[in-house]
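Visitor: I need the structure of the sequence given here:
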Amino acid sequence: MLIEAYFQEVEKIVANSYLVVASHLVTEKRSLYIGFIEGTLTFLGGSTLHFMEFVNVKSEVNRYKYAYHFQNSDEILIFRYDMAPHCPDVKTFPHHKHTADNQITDAPPPSLADILNEIERTLD
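Guide: This is a model prediction of the structure:
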């Protein structure tokens, strides 16, 4: 897959989410297969998702770096997934999830579609 096709897939995933009322995406192509995408999605009720992915999609989607930060309309954290190496005790290190109650839990690396599904379950 080419990076432009991946960017289009992300745009389609966002467009197909019935809870997204506004989106702002920025893409940066680094090569035919490597790129950076970041964005802010606003949902019904005013909650927002701030996310970034640095990916290589040559043979499969390989996220070199990612963060998905979901917060309510008062900008209070609901959850965040990332791979910052500050939690060496989690089984899925460096991948983990921060929860609203300041807990850090094991979490395999999610995709944006996984995150939007979790947000939809949270908001429904």
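
Visitor: helices and strands around whichever strand or helix holds F70, which ones?
Guide: Taking DSSP states H and E as the criterion, F70 maps to strand 62-71. Taking 3 or more C-beta pairs under 8 Å, 6 or more residues apart in numbering; DSSP states H and E as contact, the helices and strands that strand 62-71 lies on are strand 48-56, strand 77-82, helix 112-123. Any C-beta I mention is one placed from the backbone N, CA and C, and that applies to glycine too.

Visitor: okay if I get these as JSON lines plus mean neighbour count, distance to V10 and mean pLDDT?
Guide: JSON lines is the format used below for the helices and strands packed on strand 62-71 (neighbours: other C-beta atoms under 10 Å; distance: least, C-beta to C-beta, whole Å; pLDDT from 0 to 100):
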{"stretch": "strand 48-56", "mean neighbour count": "19", "distance to V10": "8", "mean pLDDT": "97"}
{"stretch": "strand 77-82", "mean neighbour count": "19", "distance to V10": "16", "mean pLDDT": "96"}
{"stretch": "helix 112-123", "mean neighbour count": "16", "distance to V10": "6", "mean pLDDT": "93"}
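
Visitor: Looking at these, which is nearest to Y64?
Guide: Y64 lies closest, by C-beta to C-beta, to one member of the helices and strands packed on strand 62-71: strand 48-56, at 4.6 Å.

Visitor: can you give me phi and psi for Y6?
Guide: phi -60, psi -50 (degrees, to the nearest 10).

Visitor: now the protein, which segments are flagged as low pLDDT?
Guide: Scanning the chain for pLDDT under 70 picks out nothing.
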